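In: Turn this into a structure:
(chains A and B)
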Amino acid sequence: MSALVIAPLAVGGITAALALLIWLTDRVVNNYGTVTISINGGKKTLTVKGGSPLLLTLAQEQIFIPSACGGRGSCGACKVRVETDIGPHLPTEVPYLTEEERARNVRLSCQVKVKHDLSIEVPEELFLVRRVVAEVSSIRDLTHDIKEVRFRLPEGERIPFKPGQYVQLEVPPYAKIKEPTQRAYSISSLPDEEEIELLIRKVPGGIATTYVHEHMKEGERLALIGPFGDFYLRETDAVMLCVAGGSGMAPFKSILLDMYRRGVNNRQVWFFFGARTRRDLFYVDLWRDLEEKWPVFRFVPALSEDPDYEGEKGLITEVLARYIETTMDREAPKEGYLCGSPGMLDACMNVMRRYGIPEDKIYFDKFA
Amino acid sequence: MKTDPHYAKAYENMKPGVITAEGFLGDDPRTLADIIEADEEEFARLGLSFEEVAARLKALRDEGKKGLGEPVTVEGKWLVRVDDARGHLPSPFEDGIFRKVNTEVTNLRNGETLVFTDLNLHLLERYHFLEGKGSPFRLEPERIKRVLEG
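Out: Residues are numbered from 1 along each chain as shown, chains lettered A, B, ... in the order given. This next block holds a predicted model:
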């Protein structure tokens, strides 16, 4: 046989042998076998194949930990307390954890690999979280940069949420985006509807919102995972001060329409909504109609950059302060409900604190 | 300095799927050093300074934050909108972690728009890195100049 034939065969043989060696090494070194995960003191026990990140392993068992980045280690949301000693925190976890969390062995579940039996603690409400593939039933422009998107759930399937909570929408790969992307959006529909409604504002450069605004079509099917979040109504008699801007209106649409439908009339409800110009206002007819039908409710839209607007003008924080100062009963107990950017929330919280609303009576969904 | 191991690691971190799904390099085949060098030359040609551009963009972002999520007109020349998304992004140079804050600046005179993140600002100021050609968050020097020009 000539050298011309032997050389390629030899190279091929060596390559195959190396590939086999790598495969065998992987099987031996990375084979963690069957592993048991005990959750919340044995309330649930999972028997799983070891070797994958904890976040993914739990998701395969239908236990969904909140993760705004889908397991990339960039959101810090998927925190789980691990009771078993699994070694020190990784450099990829440390920036997202407080000292107190590190001391309690809270870990980022996307960064922890399941290598042996584990005992973990997760909030029990996560057992209610579902992943449902739903059909986009309608897409509607509310403003130049906010769309109302409705998803029809499959027959007999529900996402059992409290008004105010959010779901994660899984957007498929598109254009240069090669992997699915998950992002969190507050639910704006009511819990017993057959559809889930989200209000999605286009974020400049945002992967998921660009998909929704430029690629999503009615009839396509996308996964929704939820519910998540602890932003929901507290049933008290206190005056409710709700403040939102842009798509931050979403959870209030769910909370306030649900309150009206349940006949909640024992408390004053104020909804302050901040926008820049008239073209940024939406659902105004809906809220004006609700004012007519529900005597305890007042809607106060305010525009920050429209001098000709006949309604309230200025930043929503200024308007909020003005109303507390001049229109409301200063002595009545109040609760704050906020949804929007961290800047808006911080500014509103300062106003509310200034007027004596205790910190623990201010509830919010902060995008942080 | 640009060829030291620190840059080699950063280059690996910039590939798709490491920190962000799409990465920081786009479809640019050049090395990190070549991308930075070319943009430094382009900045010089356009009469821009990285320090001054970073300071100007930060100032516009800070003005935009006053809109509490809504756009703000700054000096009658720019419309600035600052959006916060949930989550953080680590620097590919492993020297910091940044909240996902997107700033969109539109020059009201010529309609040119620039979108940048807090991480963009850090990379621009500290490393003169504007991301590779074809990257969704690349800051084109020509565009920076058109947007910042009053």
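
In: mind checking the SS state of residue B:98?
Out: Local secondary structure at residue B:98 is given as strand here, using DSSP: H, G, I helix; E, B strand; the rest coil.

In: swap in residue A:225?
Out: Secondary structure state of residue A:225, per three-state DSSP, is strand.

In: Touching, it and residue A:64? I think so.
Out: Yes: using CB atoms under 8 Å, residue A:225 and residue A:64 qualify as a contacting pair, with a distance of 5.3 Å. (Glycine included, C-beta is placed from N, CA and C.)

In: if I look at the two, which residues touch both of them?
Out: Residues touching both residue A:225 and residue A:64 (CB atoms under 8 Å, 6 or more residues apart in numbering or on different chains): A:129-131.

In: Near chain A, which residues of chain B are found?
Out: B:16-17, B:19-22, B:26, B:65-73, B:81-90, B:97, B:99, B:102, B:104, B:113, B:115, B:117, B:134, B:136-137 (CB under 8 Å from any CB of the partner chain).

In: Which stretches in chain B count as helices?
Out: Counting by DSSP state H, chain B has helices at residues B:5-13, B:32-46, B:50-65, B:118-127, B:141-148.

In: Mind giving me the PyMOL command for buried ones among the residues of chain B next to chain A?
Out: Only the buried entries of the residues of chain B next to chain A go into this PyMOL selection, using 16 or more other CB atoms under 10 Å in any protein chain shown:
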select buried, chain B and resi 16+19+20+21+22+26+65+67+68+69+70+71+72+73+81+82+83+84+85+86+87+88+89+90+99+102+104+113+115+117+136+137
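
In: Past the helix or strand harbouring residue A:134, which element shows up next along the chain?
Out: In this structure, residue A:134 sits in strand A:130-141 according to DSSP states H and E. With elements assigned by DSSP H and E, the helix or strand that comes after strand A:130-141 is strand A:146-152.

In: now the angle from that following strand to strand A:130-141?
Out: Strand A:146-152 and strand A:130-141 meet at an angle of 140 degrees, taking axes from the mean of the first three to the mean of the last three CA atoms, to 10 degrees as the criterion.

In: Select the longest strand from chain B.
Out: When chain B is scanned for its longest strand (criterion: DSSP state E), the result is strand B:78-90.

In: for that strand, packing partners?
Out: Using 3 or more CB pairs under 8 Å, 6 or more residues apart in numbering or on different chains; DSSP states H and E as the contact criterion, the neighbours of strand B:78-90 among helices and strands are strand A:181-186, helix A:342-354, helix B:50-65, strand B:72-74, strand B:97-107.

In: Okay, buried residues for stretch B:129-149 please.
Out: Neighbour-count burial for stretch B:129-149 flags B:129-132, B:135-139, B:141, B:144-148 (criterion: 16+ other CB under 10 Å).

In: Which residue, neighbours along the chain excluded, lies closest to residue A:253?
Out: Take residue A:253 and drop its neighbours on the chain: the residue closest to it by CB to CB, 6 or more residues apart in numbering or on different chains is residue A:188, 4.2 Å away.

In: Name all residues that make contact with that neighbour.
Out: Under the criterion of CB under 8 Å, 6+ apart, the contact partners of residue A:188 comprise A:148, A:197-199, A:249-251, A:253-254.

In: can you check residue A:238 too?
Out: So residue A:238 contacts A:267, A:332-335, A:361 (CB under 8 Å, 6+ apart).

In: Local confidence estimate at the residue in the stretch 51-200 of chain A that chain B sits nearest to?
Out: Distance from chain B to each residue of the stretch 51-200 of chain A (CB to the nearest CB) is smallest for residue A:75, at 3.5 Å. Residue A:75 carries a pLDDT score of 76 in this model.

In: Surely it touches residue A:69?
Out: Yes: applying CB under 8 Å, one finds residue A:75 in contact with residue A:69, separated by 4.0 Å.

In: residue ranges with poor pLDDT in the chain?
Out: By default, I'm working from chain A. By pLDDT under 70, the weakly predicted segments of chain A are A:1-5, A:8, A:22-30, A:68, A:366-368.

In: that's the other chain; I wanted chain B
Out: In chain B, residues with pLDDT under 70: B:1-4, B:21, B:86-87, B:150.

In: Quick check, central residue of it?
Out: A centroid search over chain B (CA atoms, centre = their mean) returns residue B:120, at 3.2 Å, as the residue closest to the centre.

In: doesn't residue B:138 make contact with that one?
Out: No: if you go by CB under 8 Å, residue B:120 and residue B:138 don't touch, sitting 9.1 Å apart.

In: hey, what's in contact with both of the two?
Out: B:130-131.

In: What's the separation between residue A:201 and residue A:183?
Out: As judged by CB to CB, to the nearest Å, residue A:201 and residue A:183 stand 11 Å apart.

In: any residues in contact with both of the two?
Out: Residues touching both residue A:201 and residue A:183 by CB under 8 Å, 6+ apart: residue A:209.
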